[in-house]
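Peer 1: my questions are about this predicted structure, shown below with the sequence.
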Amino acid sequence: KAGVTQTPRYLIKTRGQQVTLSCSPISGHRSVSWYQQTPGQGLQFLFEYFSETQRNKGNFPGRFSGRQFSNSRSEMNVSTLELGDSALYLCASSLDVGLEQFFGPGTRLTVL
Amino acid sequence: GENVEQHPSTLSVQEGDSAVIKCTYSDSASNYFPWYKQELGKGPQLIIDIRSNVGEKKDQRIAVTLNKTAKHFSLHITETQPEDSAVYFCAASTTAGNQFYFGTGTSLTVIP
């Protein structure tokens, strides 16, 4: 069974630009969560989608948004990029709430 | 919300020795506690988990213990090997919400 895949793996953007990251969950998994990982803040929850609906949202500004498609693939978008948005963005999938989450390799975003 | 604290932040052990990482949580509603191993350049990998109806769980050289009264849980790695060197994260979650709260990580180094 293929694992969680994320594209692209690396991304370099400049301040003010916007970016879209993609996540394909494990086949059959309907829940997709996004996390931001930085050395200073650790793993911080962004949002979680299930069957195309956002069920949970972390404490991030509105510049961070996401969506989920009918095939459970998910995208997250960050608009008006700031230097502090440089981080590893991780996607995790699970069958449903409260069950094991499996992470993808992440997308390393660098904002210059 | 939930607050997960993890100690120590760094840990060095000799090959063959045991390693113990401890986490505490604040929300008594949390009932699912996974542990993740993250190697350089990769996403976190689920290595073991425990639910609140169990006090201990073991998988070969890895074990996790949970004390619900004291709200703490621990990861035990016995007979450590160099390939165990990585960053380990604990997390807490409830079955009601699919939001995971992560500890700040422990960088484990196994010295050959």
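Peer 2: Done, it's in. Remember, it's a predicted structure, so these values are computed and weren't measured experimentally.

Peer 1: is chain B contacted by the helix or strand harbouring A:Arg55?
Peer 2: Per DSSP states H and E: A:Arg55 is located in strand A:53-57. Yes. Among the residues of strand A:53-57, A:Arg55, A:Asn56 lie within reach of chain B under CB under 8 Å from any CB of the partner chain. (C-beta placed from N, C-alpha, C; glycine too.)

Peer 1: mind checking pLDDT for the most centrally placed residue in chain A?
Peer 2: The centroid of chain A falls nearest to A:Trp34 when counting by CA atoms, centre = their mean (3.4 Å). You'll see A:Trp34 listed with a pLDDT of 96.

Peer 1: for it, pull up the helix or strand it's in.
Peer 2: Secondary structure from DSSP H and E places A:Trp34 in strand A:31-38.

Peer 1: give me the helices and strands touching the following helix or strand past that strand, please.
Peer 2: Using DSSP H and E, the helix or strand that follows strand A:31-38 in sequence is strand A:42-50. Contact partners of strand A:42-50 among helices and strands, from 3 or more CB pairs under 8 Å, 6 or more residues apart in numbering or on different chains; DSSP states H and E: strand A:31-38, strand A:53-57, strand A:64-68, strand A:74-78, strand B:101-102.

Peer 1: what about the helix-or-strand element of chain B with minimal mean pLDDT and chain A, touching?
Peer 2: None of the helices or strands of chain B scores lower by mean pLDDT, DSSP states H and E than strand B:101-102, at a mean of 92. Yes. Strand B:101-102 comes into contact with chain A (CB under 8 Å from any CB), by way of B:Tyr101, B:Phe102.

Peer 1: partner strands of that strand and their direction?
Peer 2: strand B:86-92 (antiparallel) (DSSP bridges).

Peer 1: do the strand holding A:Trp34 and chain B meet at all?
Peer 2: Yes. Using CB under 8 Å from any CB, strand A:31-38 comes into contact with chain B via A:Ser31, A:Ser33, A:Tyr35.

Peer 1: which one of those residues is nearest chain B?
Peer 2: The closest of these to chain B turns out to be A:Ser31 (CB to the nearest CB; 5.7 Å).

Peer 1: this completes my enquiry, with thanks.
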